[in-house]
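Colleague: structure here, sequence nowhere to be found:
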Ligand code: ADP
Ligand code: MG
């Protein structure tokens, strides 16, 4: 199972929207896909229509108790897409695990039992704390959503530093799969300027696909379905399908069949 952390410590940059729709697009191409909601806000869970009643077991249990991956997984309405939901309990994990052994490797250990899936996306919270570190330790690579707005690159060096530290201490093979520009507004010159700057600064690591600002993407979660189901022909959905194609092309060859 290929594991990809969707991370950026800034809030509101499109991590969850990217996690949900990319996971859906990957599932649509035939990949058995697992999405782990690692944000106490549980937006990915809500956006996939998983009610609080269905969050009996959650990512909190995976990190803090002897809960098997299979016990915490719920099926979604999307064929081939399963979810480990999140609850607010997650916000206490940092304190609960203080001093406990291997607290940075909890998720990594749990995911070792994930042979049922081809690919796993981890939707990280907006911080660089223990939850995101668990995701980075568990991941093969990181996908960084970057909002195409002024200050897009601000904070990126902190994220890269954290990735570097995790690589040095725990996970030498951790790579950056790519940077995805999100909420791109074609009518706004600033978006184009920011996109140019980001490409000049980061080069090929930036995906060619740009996710447009599209109201369908923000409406879909309130209906409890991915945009790809809510309106599969809207520009946002098409962009995520294109991003999934690019992503698959970047993955190590036989691991995932395109
Ligand atoms: P994060 O998980 O990084 O906090 P979200 O994915 O939750 O970010 O996005 C923040 C807000 O912006 C949400 O309300 C979401 O619906 C909206 N949003 C995200 N991407 C887009 C987009 N491309 N176009 C329009 N709205 C978007
Ligand atoms: Mg989020």
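Modeller: Received the coordinates, thanks. In this text, all values refer to a predicted model and were calculated from it rather than measured experimentally. Ligands and ions are numbered 1, 2, ... in the order given.
Colleague: C-alpha only now, for contacts and for neighbours.
Modeller: Noted.
Colleague: residues of the stretch 51-200 of the chain that sit close to ligand 1?
Modeller: 182, 183 (C-alpha under 6 Å from any ligand atom).
Colleague: now the helices for the stretch 51-200 of the chain?
Modeller: Along the stretch 51-200 of the chain, the stretches classed as helices by DSSP state H, counting those that start in this stretch are 59-64, 69-72, 93-96, 106-111, 130-138, 156-169, 189-202.
Colleague: and the first one, how far out from the chain's middle?
Modeller: Which is helix 59-64. Relative to its chain's centre, helix 59-64 lies at 17 Å (C-alpha atoms, centre = their mean, to the nearest Å).
Colleague: could you export the helices of the stretch 51-200 of the chain as JSON lines, including mean pLDDT?
Modeller: Conversion of the helices of the stretch 51-200 of the chain to JSON lines gives the following (pLDDT from 0 to 100):
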{"stretch": "helix 59-64", "mean pLDDT": "96"}
{"stretch": "helix 69-72", "mean pLDDT": "96"}
{"stretch": "helix 93-96", "mean pLDDT": "91"}
{"stretch": "helix 106-111", "mean pLDDT": "96"}
{"stretch": "helix 130-138", "mean pLDDT": "97"}
{"stretch": "helix 156-169", "mean pLDDT": "96"}
{"stretch": "helix 189-202", "mean pLDDT": "92"}
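Colleague: run a quick neighbour tally on the nearest residue to residue 19 once chain neighbours are set aside.
Modeller: Nearest residue to residue 19, sequence neighbours excluded (C-alpha to C-alpha, 6 or more residues apart in numbering): residue 123, at 5.9 Å. Look at residue 123: counted by other C-alpha atoms under 10 Å, it has 27 neighbours.
Colleague: quick one: pLDDT of whatever residue of the stretch 51-200 of the chain ends up closest to ligand 1?
Modeller: Residue nearest to ligand 1 within the stretch 51-200 of the chain (C-alpha to the nearest ligand atom): residue 183, separated by 3.9 Å. pLDDT for residue 183: 96.
Colleague: with the one 3 residues further on instead?
Modeller: What the model reports for residue 186 is a pLDDT of 90.
Colleague: so what's it up against?
Modeller: 192, 212 (C-alpha atoms under 8 Å, 6 or more residues apart in numbering).
Colleague: any idea how far it lies from residue 211?
Modeller: As judged by C-alpha to C-alpha, to the nearest Å, residue 186 and residue 211 stand 10 Å apart.
Colleague: what's the answer for residue 53, then?
Modeller: 32 Å.
Colleague: so those two - more neighbours on which side?
Modeller: For the pair residue 53 and residue 211, the greater number of neighbours falls to residue 211 (28 against 7), based on other C-alpha under 10 Å.
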